[in-house]
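Student: Following is a predicted model, sequence given first.
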Amino acid sequence: MRVLVAEDERMLADSIAEGLRAEAIAVDVVYDGDAALERLGVNDYDVLLLDRDLPVVHGDEVCRAVAGSDAHVRVLMLTAASSVPARVEGLSLGADDYLPKPFAFEELLARVYALGRRARPADPPTFERAGIRLDPSHHEVFRDGRYVHLARKEFAVLAELLRANGTVVSAERLLEKVWDEHTDPFTNTVRVTLMKLRRKLGEPAVIETIPGVGYRIP
């Protein structure tokens, strides 16, 4: 999953991003509405955490732009205005959910996951393929009944490969969904992560490399 945090309170924005990254979620952060619109036009996000009172371009305008586009990104509006009329107004702008400040991070995380499921076809409770069972809710992976301890990025890469249901996933797609925008697109981080993942999953190898195309679990 990839999330854009658009919040002008920098400490709050960075704190949210840090918490989401700890959950193996790829996160980009911007501090004004103009930058949010620029990122939305370039990257494919699953969820937008949108502060309503953004500078430069107001959060309401960002929300209207998203609602009027063909983007599949889901919008969680964040604001200090918690009255019922304020919530109704925010939802009427096209937001998918509304969370008043202050909020508990656990609730924010649960709402992000719920919106992420709505941004794409619903995932099954667990992914099972080629002897691998991945449980997203408990962050657990088993290979032929053996527990496999994975780092966050390894877990996220494996989830994307299993989500593809046997089709090929390009390295570019993995970078887009698992890493954030600060990752060098020419880095070998995908290859290195896959090497570590293969080693931890053990033999026989289940991740197949399609030269010049990408990776799959057939």
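Tutor: Looks like it arrived, so ask away. Computed from a predicted model, the values in this text were never measured in an experiment.
Student: pLDDT weak spots in the protein?
Tutor: 82-83, 86, 90, 119-123, 181-186 (pLDDT under 70).
Student: where do the helices sit along it?
Tutor: 10-21, 33-42, 59-67, 84-92, 105-118, 152-163, 171-178, 189-201 (DSSP state H).
Student: ok, and for the last one, which residues are buried?
Tutor: Which is helix 189-201. Buried residues in helix 189-201, counted by 16 or more other CB atoms under 10 Å: Val190, Thr193, Leu194, Leu197, Arg198, Leu201. Using the backbone N, CA and C atoms, a C-beta is placed for each residue, glycine as well.
Student: re earlier: as CSV, the helices of the chain with distance to Leu134 would be great.
Tutor: Conversion of those to CSV gives the following (distance: least, CB to CB, whole Å):
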stretch, distance to Leu134
helix 10-21, 19
helix 33-42, 29
helix 59-67, 30
helix 84-92, 34
helix 105-118, 15
helix 152-163, 6
helix 171-178, 14
helix 189-201, 11
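Student: and Arg143, which of those helices is closest to it?
Tutor: Nearest of those to Arg143, taken as CB to CB: helix 189-201 at 5.3 Å.
Student: Give me the angle between that closest one and helix 152-163.
Tutor: Using axes from the mean of the first three to the mean of the last three CA atoms, to 10 degrees, the inter-axis angle of helix 189-201 relative to helix 152-163 is 80 degrees.
Student: Return the list of helices and strands in contact with helix 189-201.
Tutor: helix 152-163, helix 171-178 (3 or more CB pairs under 8 Å, 6 or more residues apart in numbering; DSSP states H and E).
Student: Just name the most buried of the ones you listed.
Tutor: helix 152-163 (a mean of 21; mean count of other CB atoms under 10 Å).
Student: That one to helix 171-178, inter-axis angle?
Tutor: Using the same axes, to 10 degrees: helix 152-163 against helix 171-178 is 120 degrees.
Student: Report the backbone C-alpha coordinates of helix 152-163 in CSV.
Tutor: The C-alpha coordinates for helix 152-163 follow below in CSV (Å, rounded to 0.1, in the frame of the first residue of the first chain):
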residue,chain,number,x,y,z
ARG,A,152,9.0,-5.0,6.9
LYS,A,153,10.0,-4.4,3.3
GLU,A,154,10.4,-8.2,2.7
PHE,A,155,6.9,-8.7,4.0
ALA,A,156,5.5,-6.0,1.8
VAL,A,157,7.2,-7.3,-1.3
LEU,A,158,6.0,-10.8,-0.7
ALA,A,159,2.4,-9.5,-0.2
GLU,A,160,2.5,-7.7,-3.5
LEU,A,161,3.8,-10.8,-5.3
LEU,A,162,1.0,-12.9,-3.7
ARG,A,163,-1.6,-10.3,-4.4
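Student: just the angle between it and helix 10-21, please?
Tutor: Here the directions of helix 152-163 and helix 10-21 differ by 60 degrees (the same axes, to 10 degrees).
Student: what residues does helix 152-163 touch?
Tutor: The contact list for helix 152-163 (CB atoms under 8 Å, 6 or more residues apart in numbering) reads 21-26, 123, 127, 129, 132, 134, 136, 139, 141, 150, 169, 173-174, 177-179, 190, 193-194, 196-197, 200-201, 207, 215-217.
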